[in-house]
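J.: Fold the stuff below for me.
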Amino acid sequence: MKLFLVLAVSILLLQALVQASAFSNDANSLANVDEGSDDMVALNKKNHKKINCKYACGRRCRKASRKNVCHRACKACCYKCHCVPPGTYGHKSACPCYAKLKTHGNKPKCP
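T.: Got it, this is the predicted structure:
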């Protein structure tokens with residue numbers, strides 16, 4: 001019984017270690033995008049998988065009062081960054097490139 005308990009605890013610790021390592025790698029790659037220049041973002045874009053921007057922006061803009069404007073801006077950002085933050089508002093930290101894009105008036109471009 002003790003051997004089984006030790007084995008179960010070691011498996012749980014191993015899983016926690018693997019998840020922490022994966023989380024650390026994801027956080028480091030996001031930090032590199034935040035700290036890097038536009039060239040760094042362009043290099044990291046190659047590593048992103050393609051997403052369905054029409055569907056992702058449909059989810060993002062479903063509660064917007066001006067849906068056409070929201071969709072147009074969101075799709076432009078999605079095509080450039082290959083990501084759209086979850087939800088209908090906020091959560092831009094999930095997609096740093098999306099959060100960095102600005103209009104000519106230095107306002108956030110992406111909804």
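J.: where's residue 87 relative to residue 1, distance?
T.: Noted for residue 87: a distance of 47 Å to residue 1, by Cβ to Cβ, to the nearest Å. C-beta coordinates here come from the backbone N, C-alpha and C atoms, glycine included.
J.: and the two? which has more neighbours close in?
T.: With neighbours defined as other Cβ atoms under 10 Å, residue 87 and residue 1 compare such that residue 87 has more, 11 against 5.
J.: Okay, now the unreliable bits of the chain?
T.: Counting by pLDDT under 70, the ranges of the chain that qualify are 17, 20-48.
J.: Mind jotting down where the helices sit in it?
T.: Assigned by DSSP state H, the chain shows helices spanning 2-35, 38-45, 53-60, 67-81, 96-100.
J.: Contacts for the fourth one next, please.
T.: In other words, helix 67-81. For helix 67-81, contacts defined as Cβ atoms under 8 Å, 6 or more residues apart in numbering pick out 45, 48, 51, 53-54, 56-58, 60-61, 64, 84, 95, 97-98, 101, 109-111.
J.: tell me the angle that helix makes with helix 53-60.
T.: Between the axes of helix 67-81 and helix 53-60, defined by axes from the mean of the first three to the mean of the last three Cα atoms, to 10 degrees, the angle is 130 degrees.
J.: now helix 67-81, how far from the chain's geometric center?
T.: For helix 67-81, the distance from its own C-alpha centre to the chain's C-alpha centre is 15 Å (Cα atoms, centre = their mean, to the nearest Å).
J.: How about the third one?
T.: Taking Cα atoms, centre = their mean, the mean C-alpha location of helix 53-60 is offset from the chain mean by 14 Å.
J.: got a list of contacts for that helix?
T.: 70, 71, 74, 75, 78, 79, 84, 85, 87, 88, 111.
J.: Just put those residues in a markdown table and tack on distance to residue 13.
T.: What follows is those, written out as a markdown table (distance: Cβ to Cβ, whole Å):
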| residue | distance to residue 13 |
| --- | --- |
| 70 | 46 |
| 71 | 47 |
| 74 | 42 |
| 75 | 44 |
| 78 | 39 |
| 79 | 43 |
| 84 | 36 |
| 85 | 33 |
| 87 | 33 |
| 88 | 39 |
| 111 | 42 |
